[in-house]
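S.K.: this one's sequence-less:
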């Protein structure tokens, strides 16, 4: 009777498993009247031995559940993907990004300004002796695309650190907002009042204050519409975040 009860219990357990009610198992009982070698799983678990009839439960692999759509870790910021195009992508040779503004601005790679005070030191930190700053500056050498991206990544870390120092909860903000903030720091168009509003979580006021910028208002008249496009892109990220907060997203 004990054997019949056990078999009946395992039958209903396997039946329930087929409908997802319990974890799946597979069992095998050997017929006592037919001599044969028992089937053994790779790592079998023998629950009980009844006379000469071992009952073997074979382990069945349970696949990890598939996450629901839209569920998963937040994406990391893609600073190169967002900011790089505003800088015109990579350019191996020295160039002036604003040739009509009346001042020389030697630039290389992805927006690296070579007349800034630490440009030589930055080249040495990133490239060592592989790239000569003077040769690049005077047009005698160019950066490869990989070198341009390495230089961008190094420069970007400076502005990420600057944003972290000025924005209290920077690392808790969505990736898109972090990208917009760093883009604004990179261009130098984020003012102290905008930073104050961000730190006070007054996101519904951030966009208007951020765009209340003389460089933004006069850019088109100066033939620099790219500034408007770039600041609008940042502002849209701030606006989307503010609207999401109001809607409870």
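M.R.: Structure received. The shown structure was predicted, so the numbers you read here are calculated from the model rather than taken from an experiment.

S.K.: OK, contacts around residue 206?
M.R.: Going by Cβ atoms under 8 Å, 6 or more residues apart in numbering, residue 206 touches 194, 197, 198, 238, 242. Glycine gets a C-beta too; all of them are placed from N, C-alpha and C.

S.K.: these two touch, right, the third one and residue 163?
M.R.: In this case it means residue 198. No. Counting by Cβ atoms under 8 Å, residue 198 does not reach residue 163; the two are 9.9 Å apart.

S.K.: give me the more crowded residue out of these two.
M.R.: For residue 198 and residue 163, the more surrounded residue by other Cβ atoms under 10 Å is residue 198, and the numbers stand at 25 against 22.

S.K.: now the strand or helix carrying that one: how far from the chain's centre is it?
M.R.: Element membership for residue 198, per DSSP states H and E: helix 192-199. Remark: helix 192-199 is offset 25 Å from the chain centroid, using Cα atoms, centre = their mean, to the nearest Å.

S.K.: overlap in contacts of residue 198 and residue 163?
M.R.: Taking Cβ under 8 Å, 6+ apart as the criterion, residue 198 and residue 163 both touch residue 181.

S.K.: SS state for residue 184?
M.R.: helix (DSSP: H, G, I helix; E, B strand; the rest coil).

S.K.: need the strands for the chain, in chain order.
M.R.: 26-29, 45-50, 53-58, 91-95, 107-109, 112-113 (DSSP state E).

S.K.: in stretch 84-103, what counts as buried?
M.R.: Buried residues in stretch 84-103, counted by 16 or more other Cβ atoms under 10 Å: 84, 86, 87, 90, 91, 94.

S.K.: what residues are up against the third one?
M.R.: Right, residue 87. For residue 87, the contact set (Cβ under 8 Å, 6+ apart) comprises 97, 110, 111, 152.

S.K.: closest to residue 78 among the residues you listed?
M.R.: residue 152 (12.2 Å; Cβ to Cβ).

S.K.: count the residues that sit near the spatially closest residue to that closest one that is not a sequence neighbour.
M.R.: Of all residues not flanking residue 152 in the chain, residue 110 sits nearest, at 4.0 Å (Cβ to Cβ, 6 or more residues apart in numbering). Residues lying near residue 110 (other Cβ under 10 Å) number 25.

S.K.: how close does residue 110 get to residue 74?
M.R.: Residue 110 is 25 Å from residue 74, where distance means Cβ to Cβ, to the nearest Å.

S.K.: also residue 153?
M.R.: 21 Å.

S.K.: neighbour count for these two, which is higher?
M.R.: residue 153 (13 against 8).

S.K.: tell me the contacts of the residue most central in space within the chain?
M.R.: For the chain, the residue nearest the mean C-alpha position is residue 76 (1.7 Å; Cα atoms, centre = their mean). Listed by Cβ under 8 Å, 6+ apart, the contact partners of residue 76 are residue 175.

S.K.: for it, give me the pLDDT.
M.R.: On the pLDDT scale, residue 76 is placed at 93.

S.K.: return the backbone torsion pair for it.
M.R.: Main-chain dihedrals, residue 76, degrees, to the nearest 10: phi -80, psi 150.
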